[in-house]
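S.K.: Requesting a structural model of the entry that follows:
(chains A and B)
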Amino acid sequence: MMDLTGKCTLVTGGAHRIGKAIAMTLARMGAAQVVFTFNSSVEAAEKTAQEIRSFGCEVLAIRCDQSDIKQIDQTIEMIKNKFGRLDVLINSASVLFEGDFFDVTPDSWDIVVNINTRGPFFFMQKAAPLMLAGDGGVIVNIIDESAVKPALKWVHHGASKAALWNITRSASMALSPKIRVNAVLPGAVLKPPDYTDEHWEGLIPNIPLRKLGSAEDVCQAVEYLINADFVTGQMIVVDGGATVL
Amino acid sequence: MKIENSVILITGAAMRVGRELALYFASKGACIAFSYYEEDEPWQATKSEIEALGVKCFVKKVEIRNGAEVKTFVQETIENLGKIDVLINNASVWLKTPFLKISEEEWDLSLDVNLKGPFLCSQAVAPFMLEQGQGVIINITDLSAFQVWNDYAHHAASKAGLVALTKSLAFELAPTIRVNAIAPGTVLLPPNAPPAKVEWAIENSLLKRVGSPQDVADLAEFLIENDFATGSVYFIDGGRSLV
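M.R.: Here you go, the predicted model:
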């Protein structure tokens, strides 16, 4: 079981939604430092930083557009200079663009794949030496149903998440035994901002448990993986059974 | 679902991993029912240790391949402990024989204990869970369901069948009962395992060690507590499935 006391943690895309909930979980678990990246809203990032600080840990919010590798480099460099270590990396930052097979443009493809796949890969590649210089660590990549269940509405998104799942397994092999690398596959746990309540609740008939999940379901899975010393290269599914269908 | 004050039924829990699961959940405040099969299994010691933790324990010798015995066991568990919240299908045989030498009897034994047993137990327990409005079933499979193990054709078929059963039950028993499977790697070597076997297990894991029954217990705890998890297989193998 990993004790987060004195440990430095990083959540990409931690200013809001699932990333924020995970950052709060790490703080609650006793992490000494919770670092998170954000890209759009400074205001949301400041508010989140304040909320995390109330747990008594040190908080650092770093603006990072992870489609730009240089900014990933700078983020890790900043953590190295400020805290000298990194123990946990949660790749949560993601975009969700719709696009059916004939609608996906080259630009949209690049944005989705660069943020959802290339970004997490380089975060792992750049973070690993810092983790290995210390006690090793834990990496968790947040994927989703589209990684295992193709949906015509999210052709390139699904490809980006399926690739991230594959990279999760490669990374678990490349970084073992000191770093464990796993993925969490959430189902419908948090309403996308552009969904109406009606649309969101309309998903329920396609979920065997006949209910929507919550950010807490994902946080439980992340907490489990941080503590699960014998688990690497695996996927923890919390989707209400959606991928069984 | 909360573990404290729940009733957890575990098949084959007199010893080894089943016993550790029983003791862990008892330490968390769950009442335990468990079955054993051979009279020489240390079921009395396990029962005493569970009760010493301050919870009730009901034990019965059960032939898991026999539907009538399974039904009686489930009925008596309800009579003694009041309900069943969690069923852990753990009882298993572990038979190694080259394909061409597997007898019909050995095939039946492997499939009946490892697959028919969980089917019978789930079918006997599910009506009570459906009536009470909640329940969790956890099936213990293993990596042979997903990768080739030489000389384990019947064992692998039984464990792959258990994965398919897990998914079918997750679908048919939703939304009231959640059903998942755990696929452990090497978490407890047989007693007197030769050093070469231990070395092999360590070498064939990414994390370069063997696990422990507690690893399985931690995963089972997560699956009991997370109300949005159903229909999946969760590996706890130190990365062995990737080697």
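
S.K.: can we go C-alpha only for contacts and neighbour counts from here?
M.R.: OK.

S.K.: measure the spatially most central residue of chain B to chain A for me?
M.R.: Geometric centre of chain B, nearest residue: B:N90, 1.9 Å, by C-alpha atoms, centre = their mean. B:N90 sits at a distance of 20 Å from chain A (criterion: C-alpha to the nearest C-alpha, to the nearest Å).

S.K.: Was I right to think that residue contacts B:A14?
M.R.: No - counting by C-alpha atoms under 8 Å, no contact exists between B:N90 and B:A14, whose distance comes to 11.0 Å.

S.K.: Could you check the longest helix anywhere in chain A and say which residues are buried?
M.R.: Ranked by residue count, the top helix of chain A under DSSP state H comes out as helix A:155-175. Within helix A:155-175, the residues scored as buried using 16 or more other C-alpha atoms under 10 Å in any protein chain shown are A:155-165, A:167-169, A:171-173, A:175.

S.K.: and what of stretch B:144-153?
M.R.: Taking 16+ other C-alpha under 10 Å as the neighbour-count basis, stretch B:144-153 is seen to contain the buried residues B:144-145, B:151-153.

S.K.: hmm, which two among the residues you listed are most spread apart?
M.R.: For these, the farthest-apart pair by C-alpha to C-alpha is B:A145 and B:D151; their separation is 13.4 Å.

S.K.: Excluding sequence neighbours, find me the nearest residue to residue 207.
M.R.: I went with chain A, as the question did not name one. Take A:I207 and drop its neighbours on the chain: the residue closest to it by C-alpha to C-alpha, 6 or more residues apart in numbering or on different chains is A:A242, 4.9 Å away.

S.K.: To clarify, I was referring to chain B.
M.R.: Here the residue nearest B:L207, using C-alpha to C-alpha, 6+ apart, is A:P177, at 4.1 Å.

S.K.: Also A:R118?
M.R.: Distance criterion C-alpha to C-alpha, 6+ apart; nearest residue to A:R118, sequence neighbours excluded, is A:S67 at 7.3 Å.

S.K.: ok, how many other residues are close to that neighbour?
M.R.: The tally of other residues near A:S67 (other C-alpha atoms under 10 Å in any protein chain shown) stands at 20.

S.K.: mind pulling up the phi and psi values for it?
M.R.: Dihedral pair for A:S67: phi -80, psi -10, per degrees, to the nearest 10.

S.K.: about what we covered before: ok now do the residue nearest to A:I207, which residues does it touch?
M.R.: Residues in contact with A:A242, defined by C-alpha atoms under 8 Å, 6 or more residues apart in numbering or on different chains, are A:145, A:187, A:206-208.

S.K.: Kindly report the same for B:R16.
M.R.: If you count contacts by C-alpha under 8 Å, 6+ apart, B:R16 has them with B:188, B:213.

S.K.: So which residues on chain A come close to chain B?
M.R.: For chain A, the residues in contact with chain B under the definition C-alpha under 8 Å from any C-alpha of the partner chain are A:169, A:172-173, A:176-178, A:180, A:208-210, A:213, A:217, A:220-221, A:224, A:228-241, A:243-245.

S.K.: show me where chain A has strands.
M.R.: Assigned by DSSP state E, chain A shows strands spanning A:8-11, A:33-38, A:58-63, A:88-91, A:137-142, A:179-186, A:235-238.

S.K.: same thing with chain B?
M.R.: For chain B, the strands defined by DSSP E occupy B:7-10, B:31-36, B:57-61, B:86-89, B:135-140, B:177-184, B:233-236.

S.K.: Next one: the spatially closest residue to B:F228 that is not a sequence neighbour, what pLDDT does it get?
M.R.: Counting by C-alpha to C-alpha, 6+ apart, the nearest residue to B:F228 once its immediate chain neighbours are dropped is A:G240, at 4.5 Å. Looking at A:G240, its pLDDT is 97.
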